[in-house]
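Undergrad: sequence unknown, structure follows:
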């Protein structure tokens, strides 16, 4: 079996797959440290999980309680948000790779430390289990330099300040989903609490709406999306860096415009603030879509994924209306399958290792 682990700031999500890559069991612990809740399959209960160690122990115990022995695990695959400029493909977790992930912490201080925590805990519990990583930034490693370079002095660029792009595991899964039917120039939108779009030409990312961090680009659930750097500097001067960080990442976007990041609630409301928030979300998705279409040299089809992309037809319709000047375009709704993509990456690497020693 393959265990997929996604460790966040206050939650750990897992999914168990057979060696034939069939889903077996999914689960999570949310609210770590405060009113933690364990979900395994359809069952939910409150648990004591003061930290990530305790949360992962709850999940591992739950796996065994449902008849799946941890000794039957063949490998674990982890979602790692930032691989920087060097970690541009799924790989086995070695000491050198872990050091490279640690070196990327300044690029993703809200994400990579928690990803590393999940890896370390599992290494402690199951020290002989091979572990692998898939990187959210890796899919965008094919972007040309002109798309990733900020117009900054070289000494700043040498610090790693550039566009990276995120949601790459989701986009890689989308490409796999299409298979041989993949359109040559695909405008892909991952719309959820985090939202981005990607220009995919012949199966490769050539542009992403996200940049140095996941803050850039589209209006999101709690993130502002694109904002002028001078506005950020003013806010930082008046509010302080930490409060500005919190406001831009946790209290902006749909939440800042209408008080909630729940798109279903916003669509059900009839007040001006809710309508404006939905309009803002769709307008800026379409504005950034235009940029992505230029990067591809045109567009052959549009695909939506993510919680909003899959479930909010009015949002899809409004974005498509903004893009109607392009003429009729095939529109696809693709189920998000990031865990499945990580499991497939892990299985491929595990099989390749077996062939190399066999």
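TA: Thanks, I have it. What you see is a predicted model, and the numbers here were worked out from it, not measured in a lab.
Undergrad: where are the low-confidence patches of the stretch 201-350 of the chain?
TA: For the stretch 201-350 of the chain, applying pLDDT under 70 flags no range at all.
Undergrad: all helices for it, in order.
TA: All helices of the stretch 201-350 of the chain, identified by DSSP state H, counting those that start in this stretch, fall at 229-239, 241-250, 253-258, 263-268, 272-296, 306-311, 313-322, 338-357.
Undergrad: Can you name every helix or strand that the longest one contacts?
TA: Using 3 or more CB pairs under 8 Å, 6 or more residues apart in numbering; DSSP states H and E as the contact criterion, the neighbours of helix 272-296 among helices and strands are strand 185-191, strand 195-201, strand 204-208, helix 253-258, helix 263-268, helix 313-322. (Glycine included, C-beta is placed from N, CA and C.)
Undergrad: Pull out the buried residues from the shortest one.
TA: Judged by neighbour count using 16 or more other CB atoms under 10 Å, the buried positions of strand 204-208 are 205, 206, 207, 208.
Undergrad: same deal with the fifth one?
TA: Within helix 263-268, the residues that count as buried by 16+ other CB under 10 Å are 263, 266, 267.
Undergrad: I'd like to know which of the helices and strands packed on helix 272-296 lies nearest to residue 46.
TA: For residue 46, the closest of the helices and strands packed on helix 272-296 is helix 263-268, at 24.8 Å, according to CB to CB.
Undergrad: chain center to the closest one: distance?
TA: 22 Å (CA atoms, centre = their mean, to the nearest Å).
Undergrad: and if you look at stretch 55-69?
TA: That offset, for stretch 55-69, works out to 25 Å (CA atoms, centre = their mean).
Undergrad: swap in stretch 49-58?
TA: That offset, for stretch 49-58, works out to 23 Å (CA atoms, centre = their mean).
Undergrad: Give me the residues contacting that stretch.
TA: 5, 7, 11-12, 29, 31-33, 36, 38, 47-48, 114, 117-118, 121-122, 125 (CB atoms under 8 Å, 6 or more residues apart in numbering).
Undergrad: do the same with stretch 107-127
TA: Contacts of stretch 107-127 (CB under 8 Å, 6+ apart): 3, 5-9, 12, 52-53, 56-57, 60, 70, 73, 76, 78-82, 84, 93, 98, 101-102, 104-105, 129, 131, 133, 160, 164, 212-213, 249.
Undergrad: before we move on, what about stretch 332-349?
TA: Contacts for stretch 332-349 (CB under 8 Å, 6+ apart): 2, 4, 6, 13, 15, 17, 19, 21, 23, 26, 75-79, 90-92, 132, 134, 169-170, 172-174, 176-178, 190, 192, 301-307, 309-310, 316.
Undergrad: so which of the helices of the stretch 201-350 of the chain comes closest to residue 201?
TA: Of the helices of the stretch 201-350 of the chain, nearest to residue 201 by CB to CB is helix 272-296, at 4.8 Å.
Undergrad: what's the angle from that closest one to helix 313-322?
TA: Put simply, helix 272-296 runs at 50 degrees to helix 313-322, going by axes from the mean of the first three to the mean of the last three CA atoms, to 10 degrees.
Undergrad: would you list the helices of the stretch 201-350 of the chain in JSON lines and tack on distance to residue 153?
TA: What follows is those, written out as JSON lines (distance: least, CB to CB, whole Å):
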{"stretch": "helix 229-239", "distance to residue 153": "15"}
{"stretch": "helix 241-250", "distance to residue 153": "22"}
{"stretch": "helix 253-258", "distance to residue 153": "31"}
{"stretch": "helix 263-268", "distance to residue 153": "40"}
{"stretch": "helix 272-296", "distance to residue 153": "25"}
{"stretch": "helix 306-311", "distance to residue 153": "36"}
{"stretch": "helix 313-322", "distance to residue 153": "37"}
{"stretch": "helix 338-357", "distance to residue 153": "36"}
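Undergrad: for the ones you listed, which one sits closest to residue 144?
TA: Taking the helices of the stretch 201-350 of the chain one by one with CB to CB, helix 272-296 is closest: 8.8 Å.
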